[in-house]
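Student: okay, sequence plus prediction incoming.
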Amino acid sequence: MNDDQLIRMIRQGGISRERAGRYLQDKYFYLIRQIGVRQQRLSYDDALMAFSDALTELDWKIRHGESFEELGKMLYTLTHRRGVDTIRKRTTKTGTDPLGNSSNTIELPDWFLDALQNSDSDHVLNRLLEHDNENERRQRQNRITACVLKALDEMPKKRRALLVNKLDGYDYEELTELHGFKTARVAHEMVSRGMDSLREALKNLCQQGEPVCRDLCAWLNRKNQL
């Protein structure tokens, strides 16, 4: 069945609507794991609920005359939004600190260390981690991560949460929804301000001689960022 047929069936109501709903559920069932479990790291039950809510919302939109270029794309968007709502509600209700989940910051991406020196052209992560001994390379990675976490821990909770979400792979549209910003441009500006604050926090740790920060501080000093 194509999108036009599905839309007609949903608007007809009754058995036709039920058949179309089951077809959409079966065809896009993979979104539960692709979006909810893998991208948003929800439990399977929460991801399933987000997908079910998205199907219900799509049904409502179709029955109320809204039109879409592709049902699949709209269902993807709605599933993602319902997942973001779940994350927001869970964080608000429990006061969960994103830093409490160590999987959020196991690996620091290239863009993050580049941003620490206000540059996006150096691919510094590989240079920081260059070492023939794999064990030493991993220990250096762990020290760099621990230093960043320590600096993040000294920042205000909301700003810290924003940077951790950005590290975790959220784009600016997602950050806009998750943190309640008006636009993605505002989210971008807030991340930039957060990076400025993080650089200051790292500068303070380096001046204090924090042992776990020695690799990152040495690199920042070489880049004349301290």
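Tutor: Structure's in. What do you need?
Student: which ones are touching the most centrally placed residue in the chain?
Tutor: For the chain, residue 170 is the residue whose C-alpha lies nearest the centre (Cα atoms, centre = their mean; 2.5 Å). By Cβ atoms under 8 Å, 6 or more residues apart in numbering, the contact list for residue 170 reads residue 178. C-betas here are computed from N, CA, C, even on glycine.
Student: next one: it from residue 85, what distance?
Tutor: As judged by Cβ to Cβ, to the nearest Å, residue 170 and residue 85 stand 14 Å apart.
Student: now swap in residue 73 and tell me
Tutor: Note on residue 73: its distance to residue 85, by Cβ to Cβ, is 19 Å.
Student: more neighbours: the two, which one.
Tutor: Each of residue 73 and residue 85 has its neighbours counted (other Cβ atoms under 10 Å); residue 85 has more, 14 against 10.
Student: excluding its backbone neighbours, what's nearest that one?
Tutor: Counting by Cβ to Cβ, 6 or more residues apart in numbering, residue 85 lies nearest to residue 50, which is 7.6 Å off, once chain neighbours are set aside.
Student: the helix or strand hosting residue 60 - contacts with which helices or strands?
Tutor: Residue 60 belongs to helix 44-63 when elements are defined using DSSP states H and E. Helix 44-63 sits against helix 3-12, helix 14-27, helix 71-94, with contacts defined as 3 or more Cβ pairs under 8 Å, 6 or more residues apart in numbering; DSSP states H and E.
Student: worst mean pLDDT among those?
Tutor: In terms of average pLDDT, helix 71-94 trails the rest of the helices and strands packed on helix 44-63, at a mean of 77.
Student: quick check: buried residues in that one?
Tutor: Residues of helix 71-94 classed as buried: 71, 74-76, 78-84, 86-87, 91 (neighbour count, 16 or more other Cβ atoms under 10 Å).
Student: re the thing from before, got the helices and strands packed on helix 44-63 as a markdown table, with distance to residue 41 columns?
Tutor: As requested, those are exported to a markdown table (distance: least, Cβ to Cβ, whole Å):
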| stretch | distance to residue 41 |
| --- | --- |
| helix 3-12 | 30 |
| helix 14-27 | 23 |
| helix 71-94 | 9 |
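Student: coming back round to it: nearest to residue 152 among the buried residues of helix 71-94?
Tutor: Nearest to residue 152 among those: residue 91, at 16.2 Å, using Cβ to Cβ.
Student: what about residue 211, how many neighbours?
Tutor: Taking other Cβ under 10 Å as the neighbour definition, residue 211 ends up with a count of 11.
Student: same thing with the one 4 residues further on?
Tutor: Other residues near residue 215 number 16, with proximity taken as other Cβ under 10 Å.
Student: what about it, helix or strand, and which?
Tutor: When the helices and strands are read off by DSSP H and E, the one containing residue 215 is helix 214-222.
Student: average pLDDT for that helix?
Tutor: Averaged over helix 214-222, pLDDT sits at 80.
Student: map the structural domains onto the sequence of this protein.
Tutor: 3-94, 98-222 (automatic domain parsing).
Student: next helix or strand past the helix or strand bottoming out on mean pLDDT in the chain?
Tutor: Ranking every helix and strand in the chain by mean pLDDT, DSSP states H and E puts helix 124-128 at the bottom, with a mean of 52. Toward the C-terminus, helix 124-128 is succeeded by helix 134-153 as the next helix or strand (DSSP H and E).
Student: for that next one, packing partners?
Tutor: helix 157-167, helix 184-207, helix 214-222.
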